[in-house]
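>>> no sequence on this one, just coordinates:
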């Protein structure tokens, strides 16, 4: 059961829905990605590629360190260290997965927004 809203809030919500339902050309707003639109595009792409590479290297280092902690913890019967190592391996693997999927995720949502 929902509570009744005041009349002025209902009018504002209806107005917002009309604005959201209007197509972008009717509002006169358009956006098209243009790689040559701003100066320094090449440098920005190089910076992004370097950051992408560093993030994968850091994820790999985290995976190796966490696996080592897991192995040492299991070998020494230190259950807290073994559990921390397992968690670290999972986090590093998920981080690498998200890093690798980042361009596809951005492109997916961009295409979804354009539809």
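Happy to help now that I have it. This structure is a prediction, so every number in the text was calculated from the model and none was measured.
>>> From residue 102, how far off is residue 51?
Computed as C-beta to C-beta, to the nearest Å, the residue 51 to residue 102 distance reads 11 Å. Every residue, glycine included, has its C-beta placed from N, CA and C.
>>> And for residue 76?
For residue 76 relative to residue 102 (C-beta to C-beta), the value is 37 Å.
>>> residue contacts, residue 81?
69-70, 72-73 (C-beta atoms under 8 Å, 6 or more residues apart in numbering).
>>> Quickly find the element holding it.
helix 79-114 (DSSP states H and E).
>>> Helix, strand or coil: sort out residue 37 for me.
What DSSP: H, G, I helix; E, B strand; the rest coil gives for residue 37 is coil.
>>> and it, what are its phi and psi?
Here the main-chain torsion angles of residue 37 (degrees, to the nearest 10) amount to phi -70, psi -30.
>>> Tell me the pLDDT of it.
Per-residue confidence (pLDDT) for residue 37: 80.
>>> Over to the one 10 residues further on?
On the pLDDT scale, residue 47 is placed at 94.
>>> For it, give me phi and psi.
phi -60, psi -40.
>>> Near it, how many other residues are there?
11 (other C-beta atoms under 10 Å).
>>> Name all residues that make contact with residue 56.
By C-beta under 8 Å, 6+ apart, the contact list for residue 56 reads 96, 99-100.
>>> follow-up on the earlier one: show me which positions of the helix holding residue 81 end up buried.
Residues of helix 79-114 classed as buried: 81-82, 85-86, 88-89, 92, 95-96 (neighbour count, 16 or more other C-beta atoms under 10 Å).
>>> I am finished for the moment; much appreciated.
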